[in-house]
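Trainee: Coordinates for the following, if possible.
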Amino acid sequence: MSIRAVVWDVDDTLFDYTSADREGMRRHLAAEGLLTGDETPEQALLRWRQVTDAQWARFAAGEVSFEGQRRDRVRVFLDEQLSDIEADAWFERYIAHYETAWALFPDVLPVLDALAASHRHAVLSNSSIHVQDRKLRVLGVHDRFEAILCAAELGMSKPEAGAFHAACDALELAPHQVAYVGDHPEIDGRGAADAGLLSVWVNRDPVYTGVDAPAGPHRIASLVELPALLGTDSRFGAPSTFG
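Mentor: Sure, this is the predicted structure:
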């Protein structure tokens with residue numbers, strides 16, 4: 001049976017999270033006077049990313065709430081025992097800088113336009129609806145999606161099969177009728193494949209250059225390849241490199 005819908009990851013798939021996070025944190029650290037020690041800006045940004053990844057993994061595993069992982073990111077990064085109010089305030093000041101750098105990847109709108117008439121669309125994110133709903137509105141693509149599902153409200157996160165199946169249920173489609181597009185080879189790629197969806201890994205991160213795709217997902221280098229993979233005529237004409 002043909003694919004009738006595409007479910008999308010958001011961060012680093014549609015939205016350039018990595019660039020916005022780096023630029024927002026760079027501005028925030030400068031504003032907070034935290035770039036005056038022995039640590040270089042690049043070292044501080046790398047450490048922030050490592051702390052973020054570690055705390056996000058705890059959230060995905062159900063060990064901490066969405067708000068809790070944010071607070072713990074601040075506490076670990078600063079190495080301070082801040083109160084919830086203090087940690088929330090620090091994070092909100094970072095968010096103000098981060099949001100000024102929000103942007104879609106340049107291949108997103110052309111592909112959403114190309115698939116608008118042929119496929120239904122939804123979002124499944126390991127974030128919270130409060131965050132992603134607003135983000136998609138600010139970026140001007142909220143109305144492109146029939147449903148927006150997030151781990152914080154679902155009570156489960158990718159790569160759990162139940163998270164992917166919840167998105168299929170929201171569309172009233174079987175998993176084999178749905179494609180999932182995400183940037184992480186395991187959480188998105190293998191997770192969606194194991195759940196029975198057509199799994200598409202868009203490899204945007206240079207860290208994965210030369211890395212073989214895990215069993216199951218199709219690998220593409222850009223979203224311009226997606227219409228051909230889905231069997232949809234498009235103006236792109238790009239040869240597929242998935243494998």
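Trainee: Pull the lengthiest helix in the chain out as CSV, backbone CA atoms only.
Mentor: For the chain, the helix with the greatest residue count under DSSP state H is helix 41-60. Only the C-alpha atoms of helix 41-60 are listed here, as CSV (Å, rounded to 0.1, in the frame of the first residue of the first chain):
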residue,chain,number,x,y,z
PRO,A,41,33.6,30.1,23.8
GLU,A,42,33.8,27.0,21.7
GLN,A,43,34.6,24.9,24.8
ALA,A,44,31.7,26.3,26.6
LEU,A,45,29.3,25.7,23.7
LEU,A,46,30.6,22.1,23.4
ARG,A,47,30.1,21.5,27.1
TRP,A,48,26.5,23.0,26.9
ARG,A,49,25.7,20.6,24.1
GLN,A,50,27.1,17.6,26.1
VAL,A,51,25.1,18.6,29.2
THR,A,52,22.0,19.0,27.0
ASP,A,53,22.4,15.6,25.4
ALA,A,54,22.9,13.9,28.8
GLN,A,55,19.9,15.5,30.5
TRP,A,56,17.7,15.0,27.4
ALA,A,57,18.5,11.3,27.5
ARG,A,58,17.3,11.3,31.1
PHE,A,59,14.0,12.9,30.1
ALA,A,60,13.6,10.4,27.2
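Trainee: For that helix, which outside residues touch it?
Mentor: 21-22, 25-26, 29, 34-35, 39, 64-66, 68-70, 72-73, 76-77, 126, 151, 157-158, 187 (C-beta atoms under 8 Å, 6 or more residues apart in numbering). (Glycine included, C-beta is placed from N, CA and C.)
Trainee: out of these, which are buried?
Mentor: With neighbours counted by 16 or more other C-beta atoms under 10 Å, the contacts of helix 41-60 contain buried members at 21-22, 25-26, 29, 64, 66, 69-70, 72-73, 76-77, 126, 151, 157-158, 187.
Trainee: and the helix or strand where Val74 lies, average pLDDT?
Mentor: Secondary-structure assignment from DSSP states H and E places Val74 in helix 66-78. For helix 66-78, the mean pLDDT works out to 96.
Trainee: Same question for stretch 167-183.
Mentor: Averaging pLDDT along stretch 167-183 gives 98.
Trainee: Could you do stretch 228-236 as well?
Mentor: Stretch 228-236 shows a mean pLDDT of 69 in the predicted model.
Trainee: Next up, the contacts around Asp84.
Mentor: Applying C-beta under 8 Å, 6+ apart, the residues near Asp84 are Arg71.
Trainee: What are the phi and psi values at it?
Mentor: phi -60, psi -40 (degrees, to the nearest 10).
Trainee: Might one say that Gly191 is in contact with Gly162?
Mentor: No - here Gly191 does not reach Gly162: they are 10.6 Å apart, not a contact under C-beta atoms under 8 Å.
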